[in-house]
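In: curious how this folds, go ahead:
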Amino acid sequence: MTAKDKLPRMVPNGAQPRQNARESWRIFGIMAEFVEATERLNEIRPAVSIFGSARTPADHLYYMLAEKIARQLSDAGFSVISGGGPGVMEAANKGAYFGKSPSIGLNIQLPMEQKANPYQDISQTFQHFFARKFMFVKFASAYVVLPGGFGTLDELLEAMTLIQTGKSRRIPIILVHKAFWQGLIDWFKDRLVAEGMIKSADLDLIQLIDEPEEVVEAIFKHYETRGFLPLPGEHELMLNL
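Out: Here you go, the predicted structure:
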């Protein structure tokens with residue numbers, strides 16, 4: 001490689017300012033996404049965010065579990081938030097939709113477009129994953145996580161990281177269906193804790209529960225000495241997520 005080959009490629013005259021201007025204007029679009037979603041969701045508390053695979057058919061155990069859990073949460077007074085798509089997300093919205101409290105779908109625009117499920121009282125669409133993830137955390141009094149893939153794991157670990165690092169208030173994080181999750185928890189213990197990557201107390205953030213009734217009970221137990229809404233100090237914390 002010659003010295004000439006190492007030189008940066010020249011940007012056509014005027015192209016860089018145009019590109020910079022487009023990047024700057026995108027920031028306003030991101031801000032608008034945050035503002036619109038926050039205004040639409042501000043009245044839905046208390047709420048529980050439910051996660052799980054988009055690939056789960058309606059006759060699958062995980063789908064039926066999600067629908068039952070969401071229905072019980074909705075009838076108990078919790079709005080239910082899901083990703084708004086198919087599979088477990090649809091089951092969560094469906095259960096809440098036929099319950100007493102609102103069903104919310106936070107949809108995402110994808111290259112292979114995700115189709116919004118029809119069981120949403122409030123449907124909000126996002127272009128940016130990070131804005132959508134912020135809403136899941138900001139408005140949740142609990143996380144209920146059913147079996148899923150990379151997206152589900154991403155949401156789970158995001159919440160755990162925010163709580164572990166003190167950037168978010170502590171809420172119940174419930175993993176449903178022990179048979180699916182136990183191997184991951186064992187790996188956390190055998191590798192992350194054993195090798196000092198996390199503290200053993202960090203695993204106390206997680207509960208493994210199989211029965212829908214026990215999911216609802218665990219959430220109420222967490223809040224039995226306080227209200228579901230953030231306390232003043234927690235509210236200030238959530239403003240700086």
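
In: what helices and strands are in contact with the longest helix anywhere in the chain?
Out: Longest helix in the chain, counting residues (DSSP state H): helix 15-41. When contacts are defined as 3 or more CB pairs under 8 Å, 6 or more residues apart in numbering; DSSP states H and E, helix 15-41 sits against strand 122-126, helix 129-138. Quick note: C-beta positions are derived from backbone N, CA and C, even for glycine.

In: kindly recompute the last result at 10 Å.
Out: The elements that helix 15-41 packs onto, with contact taken as 3 or more CB pairs under 10 Å, 6 or more residues apart in numbering; DSSP states H and E, are strand 103-108, strand 122-126, helix 129-138.

In: deepest of these, which one?
Out: strand 103-108 (a mean of 24; mean count of other CB atoms under 10 Å).

In: so what's Ala54 up against?
Out: The contact partners of Ala54, taken as CB atoms under 10 Å, 6 or more residues apart in numbering, are 83-90, 114-115, 117, 148-149, 151-152.

In: repeat the analysis, applying 7 Å as the threshold.
Out: Neighbouring residues of Ala54 by CB atoms under 7 Å, 6 or more residues apart in numbering: Gly85, Pro86, Gly87, Met89.

In: for the residues you listed, pick the one with the most neighbours.
Out: Within these, neighbour counts (other CB atoms under 10 Å) peak at Met89, which reaches 33 neighbours.

In: what's the angle between the host helix or strand of that one and strand 122-126?
Out: Under the criterion of DSSP states H and E, Met89 resides in helix 88-97. Helix 88-97 and strand 122-126 are oriented at 150 degrees to each other (axes from the mean of the first three to the mean of the last three CA atoms, to 10 degrees).

In: pLDDT of helix 88-97, averaged?
Out: Computed over helix 88-97, the mean pLDDT rounds to 98.

In: so which elements touch it?
Out: Counting contacts by 3 or more CB pairs under 7 Å, 6 or more residues apart in numbering; DSSP states H and E, helix 88-97 packs against helix 61-75, strand 79-82, strand 103-108.

In: C-alpha coordinates for it, PDB please?
Out: This file holds the C-alpha atoms of helix 88-97, laid out as PDB (Å, rounded to 0.1, in the frame of the first residue of the first chain):
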ATOM      1  CA  VAL A  88     -46.100 -13.500  22.600                       C
ATOM      2  CA  MET A  89     -46.500  -9.800  22.000                       C
ATOM      3  CA  GLU A  90     -49.900 -10.400  20.400                       C
ATOM      4  CA  ALA A  91     -50.900 -12.800  23.200                       C
ATOM      5  CA  ALA A  92     -50.000 -10.100  25.800                       C
ATOM      6  CA  ASN A  93     -52.100  -7.500  24.000                       C
ATOM      7  CA  LYS A  94     -55.000  -9.900  23.500                       C
ATOM      8  CA  GLY A  95     -55.200 -10.800  27.100                       C
ATOM      9  CA  ALA A  96     -55.200  -7.200  28.200                       C
ATOM     10  CA  TYR A  97     -57.500  -6.100  25.400                       C
END
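
In: and the residue nearest to Lys100 when sequence neighbours are not counted, how many residues sit next to it?
Out: If the residues on either side of it in the chain are set aside, Lys100 comes closest to Asp75, at 5.1 Å by CB to CB, 6 or more residues apart in numbering. As a burial measure, Asp75 scores 15 neighbours (other CB under 10 Å).
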